[in-house]
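Peer 1: got a predicted model here, sequence first, then my questions.
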Amino acid sequence: MIVEIRGTNTVNKGAQLMLQAICARLGGRYPLSVPPLMTDYTVRSHLGLRQTLADPMVPRMTAVLGNAVPRPVKKGLGLTSDREIGGVLDASGFHYSDQFPVAFPRRSAMAGRAWARRGIPKVILPQAFGPFEKPATRRWTREALGQAALIFVRDGVSQNHVRGLGLGVRTLRSPDFTIGLRPADVAPISEQPFLAIVPNTKMFTSGSLDRAGYVDALAGFHSAASANGLASVIVVHEATDHDVAGELARRTGAQIFTSGDPLVLKAVLGQASAAVASRFHAVVGCVSQSVPTLAFGWSHKYRELLNDFEVADRLVTPDSDPFAAINRLLADASGDSRQKDRLPALVEQVEQMWDQTIEVLDAGAAPPPATERTAS
């Protein structure tokens, strides 16, 4: 059975981490395939992924064309036609929200119609969801999620949003599934203890701050770290953040670190003595390695992640005093202990999520079409 992975990419490093986590856990059990768009060939090749002959922008037309490709050609080139897909994993998550264009849930819903007719099992992997106040977002999200056999949500807020759709699909809680990913082996990047600062342009494109106010706030955390004897390293977790990272570096003199490999980024974050991060999966990379971390985010998912690790008081806002927040963080030994102690239980919950996912995929697995079974 070939399993299609939807909603990941190699442009967004958090999405790439999710793709790598799926491959690490399920790659030895199923052939895995991804749509061609937004997935770098070198990464796809390294992970042993097949490429689906379907364009999410025009799923029906490309599925028909892909099904016409001879089986020997597909096998030789590592290609997957729509008719060969026997299971679907959807890691799109926060694309199902008023904060993203309605095109995302609409494309997912339309692509899923053929799979639903064929009884192909679809599992929605743990993500943040909602809200769904916009009628079009609610309509298409309800159809896309309603096609699933099982939905996982990362937090209680998301669970309430999904339940409000009235789907009747089994919906379970599970933490972020990249928590247990092992970082790469990376040499120390700084001779001094340092504060990792991870910027995110969404803080001023989707949040309440403007760009100048956001850079001011991050510069304040740098100054607070310096007052406590820490250097600062600006870790660029996303290509779109290079510009604001450069502005912050020019203002503070802080070092910038960047890499195209999210496991290298995770390793560098693990070297930090403390962190203030606005990218969600950067926060995951820090707290899962017991780094004292302030989450400076733009949606409910940051607060809920800190709740998972029992350090909800480490959420900061535009109104927070950087010096007070850093001083409190560095003195909070009990919070460090709670955060570290929570990790094994969260990793176990992720493992249970994978077991339930496998159960759904295997139970719904359908044999390939007769023409494919008998092909030589």
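Peer 2: Here it is on my side, so go on.

Peer 1: which residues in the stretch 151-300 of the chain form helices?
Peer 2: 156-163, 202-205, 211-227, 242-252, 262-271, 280-287, 300-308 (DSSP state H, counting those that start in this stretch).

Peer 1: which of those sits most buried?
Peer 2: The densest packing among those, expressed as mean neighbour count by mean count of other C-beta atoms under 10 Å, is seen in helix 280-287 with a mean of 28. For glycine as for every other residue, the C-beta is placed from the backbone atoms N, C-alpha and C.

Peer 1: give me the low-pLDDT residue ranges for the stretch 1-150 of the chain?
Peer 2: Confidence mapping of the stretch 1-150 of the chain against pLDDT under 70 gives the ranges 55-77.

Peer 1: quick one: the helices in it?
Peer 2: Secondary structure of the stretch 1-150 of the chain (DSSP H, counting those that start in this stretch): helices located at 13-26, 41-46, 59-67, 71-77, 103-118, 135-146.

Peer 1: how does the chain divide into domains?
Peer 2: Per the record's domain assignment (automatic domain parsing), the chain is made up of the domains 2-180+348-373, 194-340.

Peer 1: looking at those, which is buried most?
Peer 2: For the domains of the chain, average neighbour numbers computed from mean count of other C-beta under 10 Å are highest in domain 194-340, which has a mean of 20.

Peer 1: that one: how far from the chain's middle?
Peer 2: Domain 194-340 sits 17 Å away from the centroid of its parent chain (C-alpha atoms, centre = their mean, to the nearest Å).

Peer 1: and the closest residue in space to Val186 that isn't next to it in sequence, how far from Gly168?
Peer 2: The shortest distance from Val186 to any residue other than its chain neighbours is 4.0 Å, reached at Ala267 (C-beta to C-beta, 6 or more residues apart in numbering). Taking C-beta to C-beta, to the nearest Å as the measure, Ala267 falls 43 Å from Gly168.

Peer 1: would you mind listing the buried residues in stretch 340-348?
Peer 2: Within stretch 340-348, the residues that count as buried by 16 or more other C-beta atoms under 10 Å are 342-343, 346.

Peer 1: so Arg342 is in which element?
Peer 2: Element membership for Arg342 (DSSP states H and E) is helix 333-364.

Peer 1: distance check, Gly78 against Ala149.
Peer 2: From Gly78 over to Ala149 the distance is 27 Å, taken as C-beta to C-beta.

Peer 1: swap in Ser208?
Peer 2: Note on Ser208: its distance to Ala149, by C-beta to C-beta, is 38 Å.

Peer 1: try Leu17
Peer 2: Counting by C-beta to C-beta, the gap from Leu17 to Ala149 is 25 Å.

Peer 1: about what we covered before: which strands or helices does the helix holding Arg342 pack on?
Peer 2: In terms of contacts (3 or more C-beta pairs under 8 Å, 6 or more residues apart in numbering; DSSP states H and E), helix 333-364 is packed against helix 13-26, strand 85-90, strand 122-127, strand 150-153.

Peer 1: got TSV for those, with distance to Asp261 too?
Peer 2: As requested, the helices and strands packed on helix 333-364 are exported to TSV (distance: least, C-beta to C-beta, whole Å):
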stretch	distance to Asp261
helix 13-26	9
strand 85-90	22
strand 122-127	22
strand 150-153	26
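
Peer 1: coming back round to it: can you add pLDDT and distance to Ala116 and give the buried residues of stretch 340-348 back as JSON lines?
Peer 2: Written out in JSON lines, the entries for the buried residues of stretch 340-348 read as follows (pLDDT from 0 to 100; distance: C-beta to C-beta, whole Å):
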{"residue": "Arg342", "pLDDT": "97", "distance to Ala116": "37"}
{"residue": "Leu343", "pLDDT": "97", "distance to Ala116": "37"}
{"residue": "Leu346", "pLDDT": "98", "distance to Ala116": "32"}
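
Peer 1: relative to Glu84, which of these is nearest.
Peer 2: Compare each of those with Glu84 using C-beta to C-beta and the shortest gap goes to Leu346, at 34.8 Å.

Peer 1: all good on my end, thank you.
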